[in-house]
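Asks: Requesting a structural model of the entry that follows:
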Amino acid sequence: MRIRFGYVSHALSLYNCSPAKTLTFTRYKSMEKDERLEKLIHVTSQNIENTFRALHYNVGQQIPLYRMSSSMVPLATHPDVEFDYLNIFRKQFKEIGNFIKSHELRVSFHPNQFTLFTSDKPHITDNAVIDMAYHYHVLEAMGISDESVINIHVGGAYGNKELAIKRFYENIKKLPPHIKKQMTLENDDKTYTTSETLMVCKNEGIPLVFDYHHHMANLCEEPLEELLPLIYSTWSKTNLIPKIHISSPKSEKEFRAHSDFIDLDFVKPFFDVAKSIGNDIDIMIESKKKDLALLRLMEDLSKLRGYKRISGGIIEV
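Replies: Modelled structure (predicted):
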């Protein structure tokens, strides 16, 4: 069994390497027309450059997974902003995509919590489609849209979970099939449990990204030993290895908040179950200390009996 690891967006080991530098709409509006475009290009250029820097760093550290920042292109989906970023940065996007493919990296996107399909307000769904399309188009410009996923949550319950799930099934029809094919769903820490998310994934043919921390914060009746094989099966129609999220509670009081690093005692039960099943998996670490947390976890896991570190970010069990 092989476990590959990755982290989210910002390589903290690198100097000034945020791939999510922002430009607010208020600031954008205050500028002259020529200055607006110049500023958009400047901020996006920095984000693309820092994404590329992080990817080079990951190759050097042998870290095979990476989640790119959704904020790579500021104001990309704002209705009052005209920014032909796909053409302006076509060469840079292609270079990143070629680098990802040549080094066999696995990258993904995770839009924010407002990208959902359970709302009873049509404009929320319309905005979700626009946001999903933005992420897809960036992946497409990189030439990696068929091998990368866009991960979201089911959404809110709005006081009636059954009705909200029915709306999901209806609203998701607005998402173009080629974009839906690249989406995944993740269980959350307050509303939709792993088993509820699994039901939606099965009904819609969508792979499930299992979040262990969320699962522990929002438990369902089924034991993990039963859930994991069913979760893995949702990936069977893709050419991708099942993907997992792990993090640790900040404290007992702030159980849902993410800690700086991974508490091995907290995640060890997951690894024990995963080991008993034996399926290869990819794991995204969602700790505050990003790549530093990943590298520390590699050290911790490699000290366990039966866990052999075979590269910077890969463990063989």
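
Asks: Report the buried residues of the longest strand seen in the chain.
Replies: Counting residues, the longest strand found in the chain (DSSP state E) is strand 2-8. Using 16 or more other CB atoms under 10 Å as the test for burial, strand 2-8 gives 3-8. Just so you know, the C-beta spots here come from the backbone N, C-alpha and C atoms, and that holds for glycine as well.

Asks: elements contacting the very next helix or strand once past it?
Replies: For strand 2-8, the following helix or strand on the C-terminal side (DSSP states H and E) is helix 25-29. Packing contacts for helix 25-29, counted by 3 or more CB pairs under 8 Å, 6 or more residues apart in numbering; DSSP states H and E, involve helix 33-61.

Asks: Just want the most central residue of the protein.
Replies: Nearest residue to the geometric centre of the chain (CA atoms, centre = their mean): His110, 3.7 Å.

Asks: which other residues reach stretch 77-85?
Replies: For stretch 77-85, the external contacting residues (CB atoms under 8 Å, 6 or more residues apart in numbering) are 25, 28, 37, 40, 44, 73, 75-76, 127, 130-131, 134.

Asks: and it, what's its mean pLDDT?
Replies: The predicted model gives stretch 77-85 an average pLDDT of 95.

Asks: As CSV, could you dump the C-alpha coordinates of the longest strand of the chain?
Replies: C-alpha atoms of strand 2-8 as CSV (Å, rounded to 0.1, in the frame of the first residue of the first chain):
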residue,chain,number,x,y,z
ARG,A,2,1.3,3.4,-1.0
ILE,A,3,0.3,6.7,0.5
ARG,A,4,1.2,10.0,-1.2
PHE,A,5,0.9,13.3,0.6
GLY,A,6,0.4,17.0,-0.2
TYR,A,7,-0.5,20.3,1.3
VAL,A,8,-2.6,23.4,0.6
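
Asks: Given that strand, what are its sheet partners and their directions?
Replies: If you go by DSSP bridges, strand 2-8 pairs up with strand 65-67 (parallel), strand 281-285 (parallel), strand 314-316 (antiparallel).

Asks: How far does stretch 187-202 stretch from one end to the other?
Replies: Start to finish, the residues bounding stretch 187-202 are 13 Å apart (CA to CA, to the nearest Å).

Asks: got a list of contacts for that stretch?
Replies: Stretch 187-202 has contacts (CB under 8 Å, 6+ apart) with 153-157, 161, 165, 168-169, 185-186, 206-208, 210-211, 213-215, 217-222, 227, 230-231, 234, 256.

Asks: that older thread, distance-wise, check the residue nearest to the centre of the chain relative to Leu224.
Replies: Per CB to CB, to the nearest Å, His110 is found 23 Å from Leu224.

Asks: Can you show me the strands along this protein?
Replies: Taking DSSP E as the criterion, the chain carries its strands at 2-8, 65-67, 106-109, 149-153, 183-186, 208-211, 243-246, 281-285, 308-311, 314-316.

Asks: Pairing partners for the fifth one, with directions?
Replies: Right, the one you point to is strand 183-186. Applying DSSP bridges, strand 183-186 is found paired with strand 149-153 (parallel), strand 208-211 (parallel).

Asks: Of all the residues in the last one, which ones are buried?
Replies: For strand 208-211, the neighbour count (16+ other CB under 10 Å) marks 208-211 as buried.

Asks: tell me the average confidence for it?
Replies: Mean per-residue pLDDT for strand 208-211: 98.

Asks: who touches it?
Replies: Strand 208-211 has contacts (CB under 8 Å, 6+ apart) with 149, 151, 184-189, 194, 197-198, 201, 227-228, 231, 234-235, 242-247, 286.

Asks: quick one on the thing from earlier: let me know the closest of the buried residues of strand 2-8 to Arg305.
Replies: Using CB to CB, Ile3 comes nearest to Arg305 of the buried residues of strand 2-8, at 15.4 Å.

Asks: Tell me if I'm right that that closest one and Ile285 touch.
Replies: No: in this structure Ile3 lies outside contact range of Ile285 using CB atoms under 8 Å: 11.4 Å.

Asks: What about Ala217, how many residues nearby?
Replies: Using other CB atoms under 10 Å, Ala217 has 17 neighbouring residues.

Asks: now the nearest residue to it once chain neighbours are set aside: how far from His213?
Replies: Among residues not flanking Ala217 along the chain, Asp189 sits closest, at 4.0 Å (CB to CB, 6 or more residues apart in numbering). Going from Asp189 to His213 by CB to CB gives 7 Å.
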